[in-house]
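Participant: just coords:
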Ligand SMILES: NC(=O)C1=CN([C@@H]2O[C@H](COP(=O)(O)OP(=O)(O)OC[C@H]3O[C@@H](n4cnc5c(N)ncnc54)[C@H](O)[C@@H]3O)[C@@H](O)[C@H]2O)C=CC1
Ligand SMILES: Nc1nc(O)c(N)c(N[C@@H]2O[C@H](COP(=O)(O)O)[C@@H](O)[C@H]2O)n1
């Protein structure tokens, strides 16, 4: 018998229906890609202020989403095989990276059904996690899956032991040097490796480097299937972590989203859209 979900969140069908088209198939729209590359379905999702900032200062966790859009993020987490962040976010936020919607595994549901696999990109081993880091503790408690850490160098035996103790693993990939350009980008390497391990869908939550890199002028932009952005009614002011990819006038028609839907959720608004419509 599953434990009662005391701290679980609710997200009603009336709120989730307009978002479903932007989720991975079979729930969302089936996408036929002309530029065939075997990768998971990718949704870029994050919360920003009115001045396009993710956090009030580098390394500082900043609450932007209100209760309904926060529940929306957790609903999204239940629909993806994996949730991915960069190491800057792991260090700044000590995040849970689990799904706390009522009825998923660990929150009233069975096993770990509906829990995404946390994936942290940490090429040079900056994240000094311990068994008390939230994501590790939740994995131990059966409230989330154990993380995969994408590394660029072999980890120490100590780090490997802590991670493997909770059921996680290191994926050591070549993230620099020769071969990256041939692959397309580091994102091609990362997403290709996740697909090979059976991950069919990934929601990418941030932080600033990750989002700006994916939206920037490189080939990684073509890997994004949908975008779900929460916009909170607040300004954070200069000096924060900004979403503002490198670009230029000539890129504007390419980076404008299509199939756009705006959904008010409490005091926030959620923007859904698709880049790359021409790739389908
Ligand atoms: N409002 C929101 O929705 C969110 C806010 N945040 C905020 O963002 C801030 C963290 O952002 P950043 O410092 O920019 O860090 P980040 O989380 O984007 O991590 C950047 C680091 O990850 C590694 N990395 C990421 N992608 C890589 C790739 N393709 N290849 C090789 N290495 C890669 C690199 O070491 C890079 O320096 C924090 O303040 C956090 O609170 C983070 C996520 C969501
Ligand atoms: N949707 C959303 N709204 C905000 O206001 C945020 N600050 C974030 N941040 C992201 O959520 C992670 C923290 O949440 P959990 O502890 O995992 O529940 C954080 O790491 C960012 O990825 N997101």
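Facilitator: That came in fine, so what should we check first? Just so we're clear, the structure is a prediction, and the values are computed from it rather than from any experiment. Ligands and ions are numbered 1, 2, ... in the order given.

Participant: quickly list what the spatially most central residue of the chain is bridged to.
Facilitator: Per CA atoms, centre = their mean, the C-alpha nearest to the average position across the chain is that of residue 204, at 2.2 Å. For residue 204, the beta-bridge partners under DSSP bridges are residue 44, residue 84.

Participant: buried residues in the helix or strand that contains residue 135?
Facilitator: Take DSSP states H and E as the rule and residue 135 turns out to sit in helix 134-140. For helix 134-140, a neighbour-count test (16 or more other CB atoms under 10 Å) marks 134-136, 138-139 as buried. Heads up, the C-betas are built off the backbone N, CA and C, glycines and all.

Participant: spell out which parts of the protein neighbour ligand 1.
Facilitator: 46-47, 54-55, 58-61, 64, 85-89, 92-93, 121, 123, 175, 186-187, 190, 205-210, 213, 241 (CB under 6 Å from any ligand atom).

Participant: now whichever residue of the stretch 101-250 of the chain sits closest to ligand 2: how far from residue 182?
Facilitator: The stretch 101-250 of the chain approaches ligand 2 most closely through residue 205 (3.7 Å), counting by CB to the nearest ligand atom. Plainly put, residue 205 is 28 Å away from residue 182 if you go by CB to CB, to the nearest Å.

Participant: now residue 94
Facilitator: For residue 94, the distance to residue 182 (CB to CB) stands at 36 Å.

Participant: for the two, indicate the residue with more neighbours.
Facilitator: residue 94 (14 against 7; other CB atoms under 10 Å).

Participant: for residue 213, see how far away the residue lying closest to that one once chain neighbours are set aside is.
Facilitator: Nearest residue to residue 94 in three dimensions, chain neighbours excluded: residue 134, at 5.3 Å (CB to CB, 6 or more residues apart in numbering). Distance, residue 134 to residue 213, using CB to CB: 25 Å.
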